[in-house]
Each structure stands twice: as C-alpha cells, then as structure tokens.
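Undergrad: I need the structure of the sequence given here:
(one chain, ligands or ions: 3)
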Amino acid sequence: MKEDIREVLINEEQLKNKVMKLGKQISKDYEGESLTVICILKGAVMFMTELIKNIEIPIEIDFMDVSSYGNQTTSSGVVKIIKDLDSSIEGKNILIVEDIIDSGLTLNYLMKILKSRSPKSVEICSLLDKPEGRNVDMEVKYVGFIVPDAFLVGYGLDFAEKYRNLPYIGILKEEIYLS
Ligand code: PRP
Ligand code: MN
Ligand code: MG
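TA: Ligands and ions are numbered 1, 2, ... in the order given. Next up, the predicted model:
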C-alpha cells in the first residue's frame, strides 16, 4: 500500500490532535443535550470511532450507508441508500460524521432526507473539506482540515475499496488511479 502513496498529507499525530479537539468542542456544544452521532459508511468509520472516544457526554450512535462514487474517482451525482438508520431521529439532535466533503452531493442529499424526518437539529462534522470540488453549497459546523484538490486515501478513505486501513491521510500516486 505504502508504495502507492506519493506523500503523507496529514500524519497520525495531526489526526489524533484534531480529533481530540473536535471531540472536546462537540462535548461542550452539546452539554446537557441528547446527541445521536451518525456515521456515514464506509469512509467515516475510522474517524467516527476515534471521535466518539473523545466525546465526553452520553451519546447514541447509528450508521447509514450511502454511496455516490462506486469505483470511480469522481462523483456520479447519484446517491444510493444502501443501509438506512436503525432508529427514528424524530426530536433528536443529530450529528452526521463524514470523512470528506468533496462535491457536497452526498451530504446535500443526506441533509434533505434527515431533515424531512423532523429531528431537533442536524449538524455536520467532517474530518476533511475539499472546497475546490464543491458543486452545492453546504454549511458544515465542524471541519478538521481543509484539503487541496488531490486524490486522498487512508484513515477510512478509499480508492476502489483499498487503502482505508492506512492510519494517515495520503495523496495517491497519479499512476494508480489513472491506470
Ligand atoms: C465518499 C466520501 C464521502 C463522499 C464525498 O464516499 O466518503 O461520503 O464520497 O463526496 P461528495 O461530497 O462529492 O459527495 P463514497 O461514496 O466513495 O463511499 P465510501 O464512503 O463507502 O467510500
Ligand atoms: Mn463516504
Ligand atoms: Mg469511496
């Protein structure tokens, strides 16, 4: 895997520190409130598990699997629900946890669906934000890192389902995704 990485963009220590900071902020912001953290599979899984270790208030977790990319490197704009939430979110404070916001299509679609289910509030926490990729405007309450327009893998992010288990965020070598 390592040999396919051009450069480490965000290392393990930087990730750890940021996730800790985000967890503290979320704990503070939702103090005395209920909170349901929704992990968007599969990319957000590593970020979500690390993040909730740093949230110091009682929470519930749930999972939703949507896919817009398939095995392509650019968003198709078609978002499919592969797995829906297990529980109702009516009247609850919802925090959607994502690994990356690129075009914004995935989250734009998800926000519409979740808001239609009458939660008390819905906010987004994304580890990475790639503003150059954006097609739709998106209000994101918590962002870890603003990233450049490069093909990123690791810490949950994949290329054709590979590299998710790298413990850092790396830039994939061009020859890997162009071949
Ligand atoms: C990736 C990523 C985000 C989304 C961001 O997921 O994890 O969910 O794309 O792209 P967008 O802002 O352009 O919509 P993907 O659909 O590849 O599924 P995965 O999480 O299972 O890899
Ligand atoms: Mn995803
Ligand atoms: Mg993907």
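
Undergrad: near ligand 1, which residues of this structure show up?
TA: Residues of the chain lying close to ligand 1 by Cβ under 6 Å from any ligand atom are 40-43, 67-69, 75, 98-106, 158. The way it works is simple: take the backbone N, C-alpha and C, and place the C-beta from them, glycine included.

Undergrad: so where do the helices sit in the chain?
TA: With helices called from DSSP state H, the chain shows them at 12-29, 45-53, 105-115, 174-178.

Undergrad: so where's the protein uncertain?
TA: Under the criterion pLDDT under 70, the flagged ranges of the chain are 69-78.

Undergrad: ok, now with 90
TA: 1, 66-80, 105, 109, 138, 179 (pLDDT under 90).

Undergrad: for burial, what's the neighbour tally of the closest residue to ligand 1 within it?
TA: With Cβ to the nearest ligand atom, the shortest gap between the chain and ligand 1 falls at residue 43, namely 2.7 Å. Around residue 43 sit 23 other residues, with neighbours defined as other Cβ atoms under 10 Å.

Undergrad: got the contact list for it?
TA: Applying Cβ atoms under 8 Å, 6 or more residues apart in numbering, one finds that residue 43 lies in contact with 98-100, 156-158, 164.

Undergrad: buried ones in stretch 79-98?
TA: For stretch 79-98, burial by neighbour count (16 or more other Cβ atoms under 10 Å) applies to 79, 85, 89, 92-98.

Undergrad: and which of those residues is nearest to residue 124?
TA: Minimum distance to residue 124 across those is 4.9 Å, recorded for residue 96 (Cβ to Cβ).

Undergrad: so what's that closest one bridging to?
TA: Listed beta-bridge partners, residue 96: residue 38, residue 124 (assigned using DSSP bridges).

Undergrad: distance of it from residue 38?
TA: When distances are taken as Cβ to Cβ, to the nearest Å, residue 96 and residue 38 turn out to be 5 Å apart.

Undergrad: where do the contact lists of the two overlap?
TA: Residues touching both residue 96 and residue 38 (Cβ under 8 Å, 6+ apart): residue 114.

Undergrad: hey, where'd the strands end up in this structure?
TA: According to DSSP state E, the chain carries its strands in the segments 5-10, 36-41, 60-67, 80-83, 93-101, 121-129, 142-146, 152-153, 169-172.
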